[in-house]
Structure formats: structure tokens, C-alpha cells
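J.: Output the structure for:
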Amino acid sequence: MGKAPSLALWALVMILAIFILTLPVNLQTQLIASITVVTLMWIIKILKGDGVWRLIALALGTAIVLRYVYWRTTETLPPVAQIESFIPGFLLYLAEMYSVMMLGLSLFIVAKPLPSRPSRAATQKRFPLVDVFVPTYNEDITLLANTLAAAKAMDYPADKLQIWLLDDGGTVQKRNSSELIAAEAAVLRHRVLQDLCQELGVNYLTRERNEHAKAGNLNNGLAHSKGELVAVFDADHAPARDFLLETVGYFEEDPRLFLVQTPHFFINPDPLERNLETFNMMPSENEMFYGIIQRGLDKWNAAFFCGSAAVLSRKALESTGGFSGISITEDCETALALHSTGWNSIYVDKPLIAGLQPATFASFIGQRSRWAQGMMQILRFRMPLFKGGLSLPQRLCYMSSTLFWLFPFPRAIFLIAPLFYLFFDLEIFTASGGEFLGYTLAYILVNITMQNYLYGSFRWPWISELYEYVQTIHLLPAVVSVILNPRRPTFKVTAKDESVSTARLSEIGRPFFIIFAILVLATIVAIYRIYHEPYKADVTLVVGGWNLINLVLAGCALGVVSERKEHSSSRRVRVKRRCEFGLNDQWYPASIEDVSVGGARIEVFNRDDELIDEGSEAILRFRTHHGDQTALLPVLVRNRKAVGDVITIGCQYRPNGASDHRWIADLIFANSAQWAEFQQGRRRNPGILNGTVWFLWLCFYQTARGLIYFTRNFGQSKRYADAGKGGK
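T.: This next block holds a predicted model:
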């Protein structure tokens, strides 16, 4: 079929769709149509229809969404003359249209994403020269040592691999600072990192001044190296041994390829997962992006650089002047510049690095604020929709990625909208209870079903709403500030090596308790109005139900900002590796059960448990991941527990030199298969009903836990205040 007949058919279908969607129908017909479509979508889902059936279900859902948009636009807005109702009503309408637009972009990107590419580690034939950049600013030395050791241990010809530590914490500018303490700290860091790099056999590089943040640091690395390809790892992102074997071969196949991006896998929970205790049972938040969205972007040649865990072409980077540095998200900005000049990208959906996430809620919000502000800068300065050189799909993909970070605006409006009616009796949504069932409830059910179709095994029901809510409170002012002054934000490194030593409320958690109290009051008002204004009961029930959903989310957020105590100072990774435990010139059969950057848990077979004392110095002897070397790693026994013939020992690493970090890296990072296995173990779709029931239980429990933390914190503050008065 030629292009003209295809366009004619497409136009005819669009005309018919618009005609059907705009037909005037009574409420009963709308209810029947909505129930029929929702039922058909659920039947297709229950029968696990895929391929064409998946697209049919999404098309049915899209019809209900568009029908809702038409009704919402033509029949529900308050009269303009009632300005006190029209303004909040129109803002609510804009928030809903934003959500519909983002749903449409999501459908375009991920309705049928590319399948994961097969492993190619065993097919590598050509080995181009690769420079590995590890940019650092203020990260812990031990963290850097592990990352550098893991990079050095990658399976790749040694003469084709150069590792570079790009130190922005020891620049000449910082070492000559007028602030004495800061200057001395920079001098010490400069010297220590030079020694570390010398011991590990990697290159140390710093620069004169801290200009253009991470982008400037990476460009300084480009200026001092010459590899055909450049791999970038954040300071806390340690690669597996097969990272380069799985990625560099793609550049030989496509001379216009500028990027091979891999997912960011994290060995520790983010603050929500840790405080809600969901890390081991539910997919992490980032898995929706790396497991589905990046594969969808890849389909349209729009997978973008994520700042780490990637390999880039030096030739491509040099063609656009290196890493872009106008925004504080240099990664996405760099990819946008290269895509617009005709370069291609590829996404490899296999976890090949392991990193750390922020440990505290405050650090988590700081990280997300930087991402949001950087994307707003790209939207302002680069405007992807009108960027020359991009295809239409690429424009839509980049607009989806940038516009997503406007979510604090609609999320805030959805939060406060019911309050206009409950507190001030303003009708900002003109509809009856029956119309709500026929249009709005159907739209909500279809929306949830479509989200489950798109992201089912990667994002459980209502989890996106929770993540957006807990970020909205603090991201909203950050986004507003960058919209008003796009050049104001500066790059700030996210702290990754923190730990929570005591159970406490987050220092930025107070607004969540205030909002929760307001929503509780609104719920009481709704109940009061239902009983005392029965002639408005249908509308009040709808608005009260909406407020109740907000209250459930707000209650769960109380648990999010109630920081649990971490029982170990560093995050542990489960492994199962045979080893030998050496003590007093004796070797005992043992097994390494789990490891962290600081130590390991060992099970030793020894009938005489009196031989192993706390404080004893010992040695772990094991074969490296590929079995080509025998590792001898010094450890210190910190605790022990005997059960039968097995003694469980908690050990702390005692590396005698930087080279011992090779063995630590081998224990934690060498085997990428263990990360993929862990991810797959969490990827299951509980379904909409079961997922909702589970989420409600989680919210009720976390609400109670948050209120308990608040009560304890209030009691402690009162005691401190009383003690202060007594001291006076």
C-alpha cells in the first residue's frame, strides 16, 4: 500500500473515531459502554492476551480516555462568571489534561517496546582502546577503591584498557582555597587518591578549576586520553567483569552509534523501600524506567545517556564539543545534542553495574530535585519539540522525559482540589454522582488498567502515586525556582555513603504531618456534610472519597519519612561462595553468605567453636569469580554465633593495601548474573485487585508507624525543652 492510500485510511479512521467519541449519548448508554470496555480489558488481561490483543485492550482504554476528555472539556467546567470556582476548576482541568497527555506519550513510547537484546559477551572479536572515567568530588576513599578495583578487573585486554580517576575534589583551585580547613582537606585528598591510584595501577587526573561541574570534569578526561571509546561510571557504580564485553561490540556494527547505555542496578534500597521494607519483594522505582521505558525509547532511537553505566564514542562526543554543560543534567543534554546531529543510541537491558542509592529521605529529595531542575533547564534552553535534526518520535520521547518532571504541579492540585468543596463549598467540577460513575470512575479504572498493562511486573498499583506524592512537597518549589530562573541551579553531588544510625523522623518530614492533619479534618467535614446536607450527598460522597484516597497516600508517606535504623553500617549483598577460613595456621571449610563494602558474613564448619574468638585476625581464601586466581583477604572477626557444627561469623575486611580491594570487588561486583537473578525474583504482577489490597494494608500500617514515630519525637523534644528550662 502506498503512502497516499495509507494517509487516506488513517484520516478516515481518525474522522470515524472523532465522530463516535463526540456522539451525544445519555448517561445510561455511557455507563453501559464504560462497563463493557472495562470488562473487555480485564478479560483480555486475565487471559494474558499479548501482541495484537494487548494493542486492542490499549485502544479500547484510549477510547474511554478520549471520551472522558471530551465530556470533561464540554460539560464540567464552572462558569467563567463564577471566578472563585472557575480558577481552581480550570487548574484542576489543566492538571487532568497533563495526565492524559503523559498517558498518551507513554502509550506511544512503551505500547510495544523492543525486547531485551541477547548476551554477546562471548562474541567479541575486536577490542578497541577504551578509557574508563570515574568522576569523583567528595566520595569516600573506600568506595572509590572498590569501584576502581572492579573497573580494573573487567574482562578486557589490559593493553586496551585505561582507567582514569577524575578527581574534582583535589583541584588546584580547592587546594589553594582561602578557607584553610577546606584547602588542607583537598591537599590530603589529592595525596591519598594519588597513592591509591598508583597502588591499583590506574591514572589519577585532576584540573585547575572546578568549572562546569561533572561535564567539565569529563571533558578534562577527554582532553587527556585517547581511547576510541569512553566508559563512564559514577564513583559508587562498580562494573561487573563482563561490562565491556556486553557493550563495546555494538560500535563496530554501527559507525554512527554514540551510546550504549545499560541500567543502573542498586544493591541497597532507596529510603522509601527501606522505610516501607519492600526492597526484597517489589521492583524498585527505577526498574520501570530501565526495564520498560528505556526499551521503549530504544525502539525510536531515543535511549539517552544516564550519566553512568554507559559507553560512548569519542568521535561522536568530539563532533559536538564533548559533554554538554548548560544544564545540571549533562547526561540527557549530551544525548539530545548527539541525537540531533544524526548519531544513534542503543540500550542493553542487562544490569552490568551495581551502585548505591541515597540512604536518607533528605538526600533522596536532593537527588530528585537536581534531576527535576536539570530537565526543566533542558526544556527551557533546548526545547526538544522544536530541536532541529530530531525525528518526530525522538521529539516526543524527549518531551516525555522532560515534561514528566512537571508532575509536582498536577499532583499538588489533585491533593488540594477536594478541599475547595469540603471547606469552602466551591463547586470546581460540575457533575452529578451518576456522571462521576459513568465518566470519571470509568476513566480512573481504565487508567489503572492501562498502567498495569504497560508496567505490570515493573510497577505495582498505586506505587507511582506514592512516589510522586512524597516528592511533590519539596520538588514543587525547586521546579518553580528553575522555571523562574533557569540558570540558578548548580550541580550538587548526592551523598551515597550515609547511614541512619538511629530511628528518627526525617529532618524534612514535618510538612507531611501537617498535610495529613488537614486531610483528616477534611474527612471529618465530609462525614458531617453527608449527614447534614443529604441533598448534596452524592457529590459529597464523591469528593469525600477523593479526599480519602489522598489521606491514604498521605498516611503512607508518614511511614516514608519515619527513618528506620540501619542495623549494618553498609549495604549487604547476598552471595553463596565456597571459601576457606584461615585462623592460627589452620584452614576450615566455609561459605561466604553475604558481603558488603565493609565486611562479610561467613559460615564456618568447625566443631570446636572455642577456637574462634571475637577480635581474632583471620584470612579468607577463595577462588576469584572466573577461577583464574586464589584470593587471600585479611579479615577481623567482629562477632560469632555457633549453631551445631557451624559457626556464623561477622567479619570486617582488613586490607593491607589498595590491591586487596580487588578481592573485595570480586566478591561484591564481579558476577552480574546475581543482580539479574535478584531483579527477576521481584518482578511479578500482583494484579490490580490484589495490588490495591496490599497497598491499602501497607498504608494503614505505615500510617500507624509514622504516628508512633511522631509521638516519640514530640515526647523527646518536650523532654529536651524541659531539661533546658531546668538548666536555666
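J.: helix or strand for Leu636, which one?
T.: Applying DSSP states H and E as the criterion places Leu636 in strand 630-643.
J.: in the stretch 501-650 of the chain, which spans are strands?
T.: Along the stretch 501-650 of the chain, the stretches classed as strands by DSSP state E, counting those that start in this stretch are 504-505, 562-563, 573-583, 586-595, 599-605, 617-623, 630-643, 646-653.
J.: winner for burial among those?
T.: Using mean count of other CB atoms under 10 Å, the stretch among the strands of the stretch 501-650 of the chain with the largest mean neighbour count is strand 562-563, at a mean of 24. C-betas here are computed from N, CA, C, even on glycine.
J.: Please name every helix or strand in contact with that one.
T.: Packing partners of strand 562-563 (3 or more CB pairs under 8 Å, 6 or more residues apart in numbering; DSSP states H and E): helix 271-276, strand 504-505, helix 688-727.
J.: so what strands line up beside it?
T.: strand 504-505 (antiparallel) (DSSP bridges).
J.: tell me the domain ranges of this structure?
T.: The record's domain split for the chain, according to automatic domain parsing, is 3-111+406-563, 121-357, 573-671.
J.: rank the helices and strands packed on strand 562-563 by pLDDT, which is bottom?
T.: Lowest mean pLDDT within the helices and strands packed on strand 562-563: helix 688-727, a mean of 80.
J.: before we move on, back to that, and the domains of the chain: which comes nearest Asn690?
T.: domain 3-111+406-563 (8.7 Å; CB to CB).
J.: will you turn the strands of the stretch 501-650 of the chain into a markdown table that also has distance to Leu415?
T.: Putting the strands of the stretch 501-650 of the chain into a markdown table (distance: least, CB to CB, whole Å) gives the following:
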| stretch | distance to Leu415 |
| --- | --- |
| strand 504-505 | 21 |
| strand 562-563 | 20 |
| strand 573-583 | 38 |
| strand 586-595 | 41 |
| strand 599-605 | 44 |
| strand 617-623 | 52 |
| strand 630-643 | 47 |
| strand 646-653 | 45 |
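J.: if you compare the domains of the chain, which one is most tucked away?
T.: domain 121-357 (a mean of 20).
J.: and that one, how far out from the chain's middle?
T.: The chain centre lies 17 Å from the centre of domain 121-357; the measure is CA atoms, centre = their mean, to the nearest Å.
J.: which residues in the stretch 351-500 of the chain form strands?
T.: 353-355.
J.: which regions of it sit below the pLDDT cut-off?
T.: The model of the stretch 351-500 of the chain has pLDDT under 70 over residues 489-500.
J.: What ranges does it have for its helices?
T.: 361-381, 392-403, 408-424, 433-435, 442-455, 463-484 (DSSP state H, counting those that start in this stretch).
J.: Quick one, which of those gets closest to Trp71.
T.: helix 433-435 (7.9 Å).
J.: by contact count, what packs against the closest one?
T.: Taking 3+ CB pairs under 8 Å, 6+ apart as the contact cut, helix 433-435 packs with helix 27-46, helix 537-560.
J.: shaky segments in this structure?
T.: 1-21, 23, 489-501, 567-571, 607-610, 714-728.
J.: Just want the most central residue of it.
T.: Asn286 (3.3 Å; CA atoms, centre = their mean).
J.: That residue against Pro269, yeah?
T.: No. Distance between Asn286 and Pro269: 11.4 Å, which falls outside the contact criterion (CB atoms under 8 Å).
J.: so where does Leu105 fall, helix or strand?
T.: Using DSSP H and E, Leu105 falls within helix 83-110.
J.: just Gln294 next, same as before
T.: Using DSSP H and E, Gln294 sits in helix 294-299.
J.: Extract the C-alpha set from that helix and format it as CSV.
T.: The C-alpha coordinates for helix 294-299 follow below in CSV (Å, rounded to 0.1, in the frame of the first residue of the first chain):
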residue,chain,number,x,y,z
GLN,A,294,14.4,2.8,28.1
ARG,A,295,13.5,-0.2,25.9
GLY,A,296,10.6,1.9,24.5
LEU,A,297,12.9,4.9,23.9
ASP,A,298,15.3,2.5,22.2
LYS,A,299,12.7,1.5,19.7
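J.: Which strands or helices does that helix pack on?
T.: Applying 3+ CB pairs under 8 Å, 6+ apart, one finds that helix 294-299 makes contact with helix 83-110, strand 344-347.
J.: can you list these in TSV and add distance to Phe678?
T.: Below are these laid out as TSV (distance: least, CB to CB, whole Å):
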stretch	distance to Phe678
helix 83-110	23
strand 344-347	20
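J.: out of those, which comes closest to Cys556?
T.: Of the helices and strands packed on helix 294-299, nearest to Cys556 by CB to CB is helix 83-110, at 20.5 Å.
J.: tell me the angle of that closest one relative to helix 408-424?
T.: 150 degrees (axes from the mean of the first three to the mean of the last three CA atoms, to 10 degrees).
J.: Next up, the contacts around Ala362.
T.: Going by CB atoms under 8 Å, 6 or more residues apart in numbering, Ala362 touches 506-508.
J.: from those residues, which is closest to Arg175?
T.: Glu507 (32.0 Å).
J.: Now do the phi/psi pair for the closest one.
T.: Dihedral pair for Glu507: phi -70, psi -10, per degrees, to the nearest 10.
J.: Of the domains of the chain, which is nearest Asn685?
T.: If you check each of those against Asn685 by CB to CB, domain 3-111+406-563 wins as the nearest, at 3.8 Å.
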